[in-house]
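Colleague: Whatever this is, show me its structure:
(2 chains)
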Amino acid sequence: MSNLIQTINLTRRYGKQIVVKDLNLEVKQGEVYGFLGPNGAGKTTTIRMLLGLIRPTFGEVKLFGKPLNNHRREVLWRVGALVESPSYYGHLTGRENLEVTRRLLGLPRERIDEVLSLVRLTKAADKKVKKYSLGMKQRLGIASALLGKPDLLILDEPTNGLDPAGIQEIREFIMDLPKQYGISVLVSSHLLSEMEQMATQVGIIHQGKLIFQGSITTLQKKSRPRIRFGVGDPREAQHVLQSRGWQVSLQEGELWIDGLDRNATAQIVECLVKEHFSVYRVEEVKPSLEEIFLRLTGKEESL
Amino acid sequence: MIRLLAAERLKMKGTWIPILLFLGPIGLILAMMVDFGLRKEYLLQQNTDNWTVLIGEASMLLPLMILLGATLLASLLAEMEHQASAWKHTLALPLSRFKIYGSKGIQLIGLLIIVAILLVLSFAFLWFWIDLGKPVPWDQFLKAGFYPVLAVLPVAMLQLWLSIIIRNQALPIFIGVVCSLFGGIHTKWLPWAYPINAIPIDSLEKNNPAFWVPVGIGLGLLLLILGALDFSRREVKGG
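Modeller: Just a heads-up that it's a prediction; the model follows:
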């Protein structure tokens, strides 16, 4: 199956500032594609270009293999979208809000009850949306995106501002979409931990550039594990190992060495034992995705 | 297009828009009731027929009321979408942008036509309440209700465009109010003068509905199309 979303050198400038630069996204059928990046990295700008809300300065968007700029309406029939904060008419009920979109698209009436139950809003359907919680508004937005039975769902920060329970709920819902309904998803977020659990593929954007694209496991392999040694008298042990040319750091009473293979690990253990240090723990520690992300983006501040 | 208009109708539910439609005609009725209640004898002793007296008095109020009404209705129709952050949702749907804008314009024209009908009824009510006698000039009621409303279409379409492209409604409303008050004073050619130009009354010198009503409709539709074309090529950066 070809790519559902493909962007070719997608670039967008606002004035002199380049917000998105040479982006080559590839989203395939059946995936939950996590589009990751710190705030202001260009995620929303990219998503707006994917939906034809704004035009690329340079480059091209293809949806379902067709260029967006001259097949916009044709391909958007197969796309459901939620861009940033949810759009809703507060003075109307949830059901009426969906009815507005249903009328615009000329869809059958039954779809409203179907999508309401999909996002579990059936009970609140006849309440005014201004009385909804943020989580309910977000779910209503997703319901509205699902109304036209899309093959591809594009969700921009769908968990933004939700409490942990709400985040969990949306996350589980998104994970089920490809398996249960055959809907592929592109979901953006600035939280890697969120993606770790629901995305099958990730694209990481930083300062407008795609700095990684691939599966989560590939991302994890990108950085070598570290080995942690628990030894008696760690300060002295650090000295001894350093004098033999190893890069050793001491953290919270334990020794850490980067990028050791099996052989090197064995050598260090041997050395420590020969010097009569008691070695009570040798452990491989994989960096969390958060750390990988930080290393890739070189950003220490909040993501 | 029918689907889009059906969606527009639903969105108005529970808003101030339907109430606003009645406000103008009711204001006109009340003002005329006071006017004729206080000085009916004086007004009717003038050297003209009773209808000319009534429309003459009403023409003091009617054009400004219609101009301000069109400004407010245009703003409410646009504000509804701004408030809902609906543009990014609606414009990501597989719909023609030209038609999305067009349906707003047609909705506004529809609302103004309701105002025109209410004005016709208002004139009829006033005629009988003041007891202006027979024959009842029904054809004049129709003209007095519809002509100035049709002549306001250019201003209505201009305001609709402003209210849609400017998010903060204070600015388009300010422009609308200032132009309504002063835009028609020194010239008959600016659109803010069209409603008064189109009032069917012989005693006002510059009035010529036969010319200004078609100009109003024509220019109104032209501005609707230009607005829709401009809207179609705009980018959606905000809500």
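Colleague: Leaving out the residues flanking it, which one is nearest to B:Ser103?
Modeller: Distances taken as Cβ to Cβ, 6 or more residues apart in numbering or on different chains put B:Leu4 closest to B:Ser103, at 3.7 Å, once the chain neighbours are dropped. Bear in mind the C-beta positions are built from the backbone N, C-alpha and C, glycine included.
Colleague: what does the helix or strand harbouring the one you found rub up against?
Modeller: Using DSSP states H and E, B:Leu4 maps to helix B:2-11. When contacts are defined by Cβ atoms under 8 Å, 6 or more residues apart in numbering or on different chains, helix B:2-11 is touched by residues A:89, A:92, A:96, A:99-101, A:103-106, B:80, B:95, B:99-100, B:102-104, B:106-107.
Colleague: Any idea how many residues pack against A:Asn9?
Modeller: 12 (other Cβ atoms under 10 Å in any protein chain shown).
Colleague: Assign the residue nearest to A:Gln197 when sequence neighbours are not counted to helix, strand or coil.
Modeller: Spatial nearest neighbour of A:Gln197, chain neighbours left out: A:Arg171 (6.2 Å); criterion: Cβ to Cβ, 6+ apart. Here A:Arg171 is recorded as helix under DSSP: H, G, I helix; E, B strand; the rest coil.
Colleague: I figured A:Arg171 was touching A:Met198, is that so?
Modeller: Yes: counting by Cβ atoms under 8 Å, A:Arg171 touches A:Met198, with 5.0 Å between them.
Colleague: The helix or strand A:Gly135 falls within: how far from the chain's middle?
Modeller: Secondary structure assignment for A:Gly135, by DSSP H and E: helix A:134-146. Helix A:134-146 sits 19 Å away from the centroid of its parent chain (Cα atoms, centre = their mean, to the nearest Å).
Colleague: What mean pLDDT does the helix or strand hosting B:Leu108 get?
Modeller: Using DSSP H and E, B:Leu108 sits in helix B:97-130. The average pLDDT within helix B:97-130 is 96.
Colleague: Contacts only, for B:Ile166.
Modeller: B:Pro172.
Colleague: Within range of chain A, give me the residues from chain B.
Modeller: Counting by Cβ under 8 Å from any Cβ of the partner chain, the residues of chain B close to chain A are B:3-4, B:6-7, B:10-11, B:13-15, B:80, B:83-86, B:88-96, B:235-237, B:239.
Colleague: neighbours of the closest residue to A:Gly90 other than its chain neighbours, just the number please.
Modeller: Sequence neighbours aside, A:Lys130 is the residue nearest to A:Gly90 in space, at 3.4 Å (criterion: Cβ to Cβ, 6+ apart). If you count neighbours by other Cβ under 10 Å, A:Lys130 ends up with 12.
Colleague: in the helix holding A:Gly135, what's buried?
Modeller: A:Gly135, A:Met136, A:Lys137, A:Gln138, A:Arg139, A:Leu140, A:Gly141, A:Ile142, A:Ala143, A:Ser144, A:Ala145, A:Leu146 (16 or more other Cβ atoms under 10 Å in any protein chain shown).
Colleague: Surely A:Gly37 is in contact with A:Lys43?
Modeller: Yes: between A:Gly37 and A:Lys43 there is a contact under Cβ under 8 Å: 5.2 Å.
Colleague: Please say which of the two ends up with more neighbours.
Modeller: For the pair A:Gly37 and A:Lys43, the greater number of neighbours falls to A:Gly37 (27 against 23), based on other Cβ under 10 Å.
Colleague: Pull the residues that contact stretch A:28-39.
Modeller: Identification of contacts with stretch A:28-39 by Cβ under 8 Å, 6+ apart yields A:1-5, A:25, A:27, A:43, A:46-47, A:174-175, A:177-178, A:182, A:184-190, A:192, A:194-195, A:198-206, A:293, A:297, A:299, A:301-303.
Colleague: Output that stretch as CSV, nothing but the C-alphas.
Modeller: Extracted C-alpha coordinates of stretch A:28-39, given in CSV (Å, rounded to 0.1, in the frame of the first residue of the first chain):
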residue,chain,number,x,y,z
LYS,A,28,1.3,4.5,5.7
GLN,A,29,-2.0,2.6,5.9
GLY,A,30,-2.8,1.0,9.3
GLU,A,31,-0.4,3.1,11.3
VAL,A,32,-0.8,5.4,14.2
TYR,A,33,1.8,8.0,13.3
GLY,A,34,3.0,10.1,16.1
PHE,A,35,4.0,13.6,15.0
LEU,A,36,6.2,14.8,17.7
GLY,A,37,7.9,18.0,18.5
PRO,A,38,8.3,20.8,21.0
ASN,A,39,5.8,23.6,21.0
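Colleague: Mean confidence (pLDDT) on that stretch, please.
Modeller: The pLDDT scores in stretch A:28-39 average 90.
Colleague: List the buried residues of it.
Modeller: Buried residues in stretch A:28-39 (16+ other Cβ under 10 Å): A:Glu31, A:Val32, A:Tyr33, A:Gly34, A:Phe35, A:Leu36, A:Gly37, A:Pro38.
Colleague: And stretch A:251-258, by the same measure?
Modeller: Quick answer for stretch A:251-258 (16+ other Cβ under 10 Å): A:Leu255, A:Trp256, A:Ile257.
Colleague: How far off centre is it?
Modeller: Worked out by Cα atoms, centre = their mean, stretch A:251-258 lies 31 Å from the chain centre.
Colleague: what comes into contact with it?
Modeller: A:224, A:226-231, A:234, A:237-238, A:241, A:246-250, A:268, A:281, A:285.
Colleague: Can I get that stretch as CSV, trimmed to CA atoms?
Modeller: Output of stretch A:251-258 as CSV, limited to C-alpha atoms (Å, rounded to 0.1, in the frame of the first residue of the first chain):
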residue,chain,number,x,y,z
GLN,A,251,25.8,9.3,40.1
GLU,A,252,24.0,8.6,43.4
GLY,A,253,26.7,6.2,44.6
GLU,A,254,26.8,4.1,41.4
LEU,A,255,29.1,4.1,38.4
TRP,A,256,27.8,4.7,34.9
ILE,A,257,29.6,3.9,31.7
ASP,A,258,28.3,4.7,28.2
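Colleague: ok, the residue nearest to B:Ser103 - how many residues close by?
Modeller: Neighbours around B:Leu4, by other Cβ under 10 Å: 22.
Colleague: and what of A:Ala165?
Modeller: A:Ala165: 9 neighbours (other Cβ under 10 Å).
Colleague: Where does pLDDT dip in chain B?
Modeller: Chain B contains residues with pLDDT under 70 at B:203-206, B:239.
Colleague: Spit out the contact partners of B:Gly69.
Modeller: Going by Cβ under 8 Å, 6+ apart, B:Gly69 touches B:Leu20, B:Leu23, B:Gly24, B:Leu112, B:Val115.
Colleague: Just flag the most distant two among the residues you listed.
Modeller: Farthest apart among these by Cβ to Cβ are B:Leu23 and B:Leu112. That separation is 13.6 Å.
Colleague: Settle it for me: which of those two has more neighbours?
Modeller: Legend: neighbour count by other Cβ under 10 Å for B:Leu23 and B:Leu112, higher for B:Leu112 (23 against 15).
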